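# what's the 3D shape of this:
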Amino acid sequence: MKNLLNYINKWTALVCGFVMFLSASAAANSRIKDITDIEGVRDNPLIGYGLVVGLNGTGDNISSMVFTEESLIGMLERLGVNTRDGKIKSKNIAAVMVTGNLPAFARQGTKIDVMISALGDAKSLQGGVLLVTPMLGADGEVYAIAQGAVAIGGFNAEGNGQSVVKAVPTSGRISNGAIVEREIPFNFAGQNNIRMTLRNPDFTTASRVTSAINSYMGNICAKTLDSATIQINLPYTKKDQLVQFLTDIEQLRVEPDQQAKVIIDEKTGIIVIGENVRINPVAIAQGNLTIRVNETPLVSQPAPFAMQGETTIVPRTQIDVDEEKENRMSVLKSGISLQELVDGLNALGIGPRDMISILQAVKAAGALQAEIEVM
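Below is the predicted model:
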């Protein structure tokens, strides 16, 4: 009997632990990898200026684009061709800006994608080829060399009486169009501590991330520096396994917290309301006064064969006033949820534009316990 009770107690504890694990997993729905970045591990923007050739008469007008002409002359002179004494009239060339991102830990010989954008008055880059273009970093050093055929997503067709343009034919892309020539020095493996930064800074979320890491490690190796930064001091046993250590840390799950906020874009009428937005008791009424004026003039004329009288126009005006008397004032109770707030406003038949004004008025009354951010 005693063994049976011990057996039941063990299974009860196991089931309770499993239920708690499922509950925690359901609540903690975000990996640390998805809400943080590792300090120092980031892309670096690159930029360059070059020429695209081989266009079918859709390039820059060289006579008006001075920089295109000077760039072409300079390139030809470097190739041993003297064009200073002649007049260049080609429309198959376009000056372009070349942009791209150098990934973290990119090594020499790595290929990256680049974007091509027309700088002058070229009509289309379709069929063009980018000539060798150095790509510079923020420090002015050359980190990659770009070259290749430009692929665009649009087209431009025109005739004598009509033209058709689809998408943007003056910008394109070259997949694997640049080769990395210089590496950015960064001794990642020699770090004694790692800093993670939250993409959405929040003290509560940062504290939860720190607690999850310390619980996983079984000791206090992580600490919260501020609302966006968590510092992890690497254990001595993990310094030679830094990549595997970070892989395990990134897979830990936490529940990010969020600030009560309402985002409003007045240009498009878009409203985004956060989950934690709450309303104090407030009464809301919404109605518009609509006046319609219709002019329907009548023509008055004498009877047939009448000796007297003349045809005249008799004005007739009809005015309708709609005061929307069916609209009623609604009372929103204290601490209502996001769903109840939306249902209450929809019950008044309020559209997005009017809802923006109402939310701002409720905030001004001090009844909206959230921050309103107007884009």
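# what's the burial count for residue 31?
Residues lying near residue 31 (other C-beta atoms under 10 Å) number 14. C-beta: built from backbone N, CA, C; applies to glycine.
# next up, the contacts around it.
The neighbours of residue 31, taking C-beta atoms under 8 Å, 6 or more residues apart in numbering as the test, are 250-253.
# switch those over to CSV; also include distance to residue 239, neighbour count and secondary structure.
CSV is the format used below for the contacts of residue 31 (distance: C-beta to C-beta, whole Å; neighbours: other C-beta atoms under 10 Å; DSSP: H, G, I helix; E, B strand; the rest coil):
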residue, distance to residue 239, neighbour count, secondary structure
250, 18, 14, helix
251, 20, 11, coil
252, 20, 16, coil
253, 25, 15, strand
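# which one of those is nearest residue 229?
residue 250 (16.3 Å; C-beta to C-beta).
# measure the closest one to residue 311 for me?
88 Å (C-beta to C-beta, to the nearest Å).
# kindly report the same for residue 261.
Per C-beta to C-beta, residue 261 is found 68 Å from residue 311.
# again with residue 204
82 Å.
# what do you get for residue 253?
Counting by C-beta to C-beta, the gap from residue 253 to residue 311 is 86 Å.
# got it, and residue 66?
Distance of residue 66 to residue 311, given as C-beta to C-beta: 71 Å.
# with distance to residue 354 and pLDDT as added columns, please give the contacts of residue 31 in a markdown table.
Formatted as a markdown table, the contacts of residue 31 follow (distance: C-beta to C-beta, whole Å; pLDDT from 0 to 100):
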| residue | distance to residue 354 | pLDDT |
| --- | --- | --- |
| 250 | 45 | 92 |
| 251 | 46 | 92 |
| 252 | 45 | 92 |
| 253 | 40 | 93 |
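# tell me the one among those nearest to residue 116.
Nearest to residue 116 among the contacts of residue 31, with distances taken as C-beta to C-beta, is residue 250, at 34.8 Å.
# nearest residue to the closest one other than its sequence neighbours?
residue 33 (3.5 Å; C-beta to C-beta, 6 or more residues apart in numbering).
# where's the one you found, which helix or strand?
helix 32-35 (DSSP states H and E).
# more neighbours, residue 261 and residue 311?
residue 261 (15 against 8).
# partners of that one in the sheet?
residue 371 (DSSP bridges).
# OK, contacts around it?
Counting by C-beta under 8 Å, 6+ apart, residue 261 makes contact with 274, 277, 370-373.
# which members of those residues are the farthest-apart pair?
Greatest spatial distance among the contacts of residue 261 (C-beta to C-beta): 277 and 373, at 12.1 Å.
# residues in contact with the closest residue to residue 90 other than its chain neighbours?
What sits nearest to residue 90 in space, not counting adjacent residues and going by C-beta to C-beta, 6+ apart, is residue 62, at 6.5 Å. By C-beta under 8 Å, 6+ apart, the contact list for residue 62 reads 68-69, 72, 88-91, 93.
# if we go to 6 Å?
Residue 62 makes contact with 68-69, 88, according to C-beta atoms under 6 Å, 6 or more residues apart in numbering.
# that one in helix, strand or coil?
coil (DSSP: H, G, I helix; E, B strand; the rest coil).
# with just CA atoms, put stretch 109-129 into CSV.
Output of stretch 109-129 as CSV, limited to C-alpha atoms (Å, rounded to 0.1, in the frame of the first residue of the first chain):
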residue,chain,number,x,y,z
GLY,A,109,35.3,36.5,-51.7
THR,A,110,31.8,36.5,-50.2
LYS,A,111,29.2,37.7,-52.7
ILE,A,112,26.4,40.1,-51.7
ASP,A,113,23.3,41.6,-53.4
VAL,A,114,23.3,45.2,-54.6
MET,A,115,20.6,47.7,-55.6
ILE,A,116,21.0,49.9,-58.6
SER,A,117,19.2,53.3,-58.8
ALA,A,118,19.4,55.8,-61.7
LEU,A,119,20.9,59.2,-60.8
GLY,A,120,20.2,61.2,-63.9
ASP,A,121,17.2,61.3,-66.4
ALA,A,122,17.4,57.8,-67.7
LYS,A,123,14.0,56.3,-68.6
SER,A,124,14.9,52.6,-67.9
LEU,A,125,17.7,50.4,-66.9
GLN,A,126,16.4,47.4,-68.7
GLY,A,127,19.1,45.3,-70.4
GLY,A,128,21.9,47.3,-68.8
VAL,A,129,25.2,46.1,-67.4
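# what's the weakest-modelled helix or strand in the protein?
helix 2-27 (a mean of 46; mean pLDDT, DSSP states H and E).
# quickly note the distance from the closest residue to residue 315 other than its chain neighbours to residue 262.
Excluding its sequence neighbours, the residue lying closest to residue 315 (C-beta to C-beta, 6+ apart) is residue 297, at 5.2 Å. As defined by C-beta to C-beta, residue 297 lies at a distance of 50 Å from residue 262.
# so which of those two has more stuff around it?
Neighbours were counted for residue 297 and for residue 262 using other C-beta under 10 Å; residue 262 has more, 22 against 10.
# can you give me the strands in the stretch 51-200 of the chain?
Using DSSP state E, counting those that start in this stretch, the strands of the stretch 51-200 of the chain run over 93-102, 111-118, 129-136, 142-149, 151-152, 155-158, 163-166, 171-180, 193-198.
# if anything else comes up later, I'll come back, but that's it for now.
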